[in-house]
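> here are the coordinates; sequence isn't available:
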Ligand SMILES: Cc1cc2nc3c(=O)[nH]c(=O)nc-3n(C[C@H](O)[C@H](O)[C@H](O)COP(=O)(O)OP(=O)(O)OC[C@H]3O[C@@H](n4cnc5c(N)ncnc54)[C@H](O)[C@@H]3O)c2cc1C
Ligand SMILES: [Zn+2]
């Protein structure tokens, strides 16, 4: 049967299923991309996430949410996990979790922070750190659909070494028509970089984003403090709050 | 943990999985009306605190609790006292 692009279930209640790690690679010194096999995966929309549940031998279990990093590819899904200092689940997934190991996954879920390829409105993507993950799924889906919808990505990272998907994004900026990529460094910028290192400001978003009069849909994702600041700046620049969609990843560390 | 830190929350998107256990539709795209200030908005836009017992979703307008979800081993409790109504789109 052909796989549908419907977000998830048709009538059954959402339940946990077992996923197995098929392969992984390190994205940066502190982040790892995991490719998982999930038998019977129903497909998903870019921007959706899964809940991951880990259970100990003694029965203790805990769960966290992780965005889907790529469009669905049969039973294969992709996550990118940033290891946080002392982080319980991220530490396990980014360091210990090995090829062939099972974990439990629930999803895809979330119907609001999604981009649908037929939507013709220009798109502004604003990522802070690991907040690039669901936005990368949108960029990859746009490429897969051969869409020419104008996309701009403003990606805030601490240093060049903290950038996820760096080679692909450099390539994308040339190869994917109508995709602009701008990186803002908060701690240290490459030599000769015009913009001094520092937190993203309304002036950055004004210079690198779309004017509010273009009525873009804005997707803002990252640590809670980053999302607050960036979404607030977009509102100050005149963007309609109803066109600003946010995904907060939790405490800024 | 306390709810005093403005940084210490996620948004209603994070409720998609927990509510998906209860409902066959995606409730995060439903429009909820706050019993405190009357504001209408997507459930995805509520402020979710996960350090309280269970999940607590507050109105971004007035900060009052609109939803509380507690999951036990064999049941879930969904407290909707702070929500006047939920509008769920059901095409067709
Ligand atoms: C919808 C959604 C999508 C997400 N997508 C992604 C994604 O694609 N990639 C990604 O990497 N993350 C993502 N996240 C964040 C992810 O869900 C986790 O919150 C994150 O991985 C941290 O989990 P953890 O178990 O490692 O850390 P936790 O153990 O929960 O701790 C988080 C941080 O708080 C600190 N901390 C914990 N307990 C204490 C304490 N008692 N005292 C002081 N400090 C403490 C830890 O040092 C750590 O840095 C997403 C979140 C949401 C809501
Ligand atoms: Zn309210």
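Yes, it's here. Treat the numbers as computed from the prediction; the structure is a model and nothing was measured. Residues are numbered from 1 along each chain as shown, chains lettered A, B, ... in the order given. Ligands and ions are numbered 1, 2, ... in the order given.

> Where do the helices of chain A begin and end?
Taking DSSP state H as the criterion, chain A carries its helices at A:88-91, A:132-144, A:166-175, A:202-208, A:224-236.

> and these, which is most packed in?
Neighbour counts (mean count of other CB atoms under 10 Å in any protein chain shown) averaged over each of the helices of chain A peak at helix A:132-144, with a mean of 24. From N, CA and C alone the C-beta is placed, and that goes for glycine too.

> what about it, average pLDDT?
Average pLDDT, helix A:132-144: 97.

> Ok, stretch B:27-36 next?
97.

> where along the chain do the strands fall?
If you meant another chain, say so; for now it's chain A. A:17-28, A:31-37, A:49-55, A:61-67, A:76-82, A:102-109, A:123-128, A:151-157, A:179-185, A:217-222, A:244-248 (DSSP state E).

> Oops, wrong one, chain B.
Counting by DSSP E, one finds strands in chain B at the ranges B:10-11, B:31-34, B:40-42, B:47-49, B:55-58, B:65-71, B:76-79, B:83-87.

> Reformat the strands of chain A into CSV and put distance to ligand 1 next to each item.
As requested, those are exported to CSV (distance: least, CB to the nearest ligand atom, whole Å):
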stretch, distance to ligand 1
strand A:17-28, 10
strand A:31-37, 7
strand A:49-55, 4
strand A:61-67, 4
strand A:76-82, 4
strand A:102-109, 9
strand A:123-128, 11
strand A:151-157, 14
strand A:179-185, 19
strand A:217-222, 8
strand A:244-248, 6
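
> Can you check what pLDDT the model gives the closest residue to residue A:170 other than its chain neighbours?
In this structure, residue A:170 finds its nearest non-sequential neighbour in residue A:181, 7.6 Å apart by CB to CB, 6 or more residues apart in numbering or on different chains. In this prediction, residue A:181 carries a pLDDT score of 95.

> doesn't residue A:153 make contact with residue A:181?
Yes: Residue A:181 is in contact with residue A:153 according to CB atoms under 8 Å; the separation is 4.9 Å.

> hmm, back to that, identify whichever of the strands of chain A lies nearest to ligand 2.
Among the strands of chain A, the nearest to ligand 2 by CB to the ion is strand A:244-248 (17.7 Å).

> More neighbours: which of residue A:181 and residue A:153?
Neighbours around residue A:181 and residue A:153, counted as other CB atoms under 10 Å in any protein chain shown, are more numerous at residue A:153. The numbers are 25 against 19.

> The more buried one against residue A:178, yeah?
No: judged on CB under 8 Å, residue A:153 makes no contact with residue A:178 at a distance of 11.6 Å.

> Leaving out chain neighbours, which residue sits closest to whichever residue of the stretch 51-200 of chain A sits closest to ligand 2?
Nearest residue of the stretch 51-200 of chain A to ligand 2 (CB to the ion) works out as residue A:112 at 18.5 Å. Leaving aside its sequence neighbours, residue A:112 sits nearest to residue B:44 (CB to CB, 6+ apart; 3.5 Å).

> and if you look at residue B:36?
The nearest residue in space to residue B:36 (CB to CB, 6+ apart) is residue B:64, at 3.6 Å.

> low-confidence ranges in chain B?
B:1-7 (pLDDT under 70).

> okay, now the residue in it positioned nearest to ligand 1: neighbour count?
At 3.9 Å from ligand 1, residue B:14 is the closest residue in chain B, using CB to the nearest ligand atom. Residue B:14 sits with 27 neighbouring residues when counted by other CB under 10 Å.
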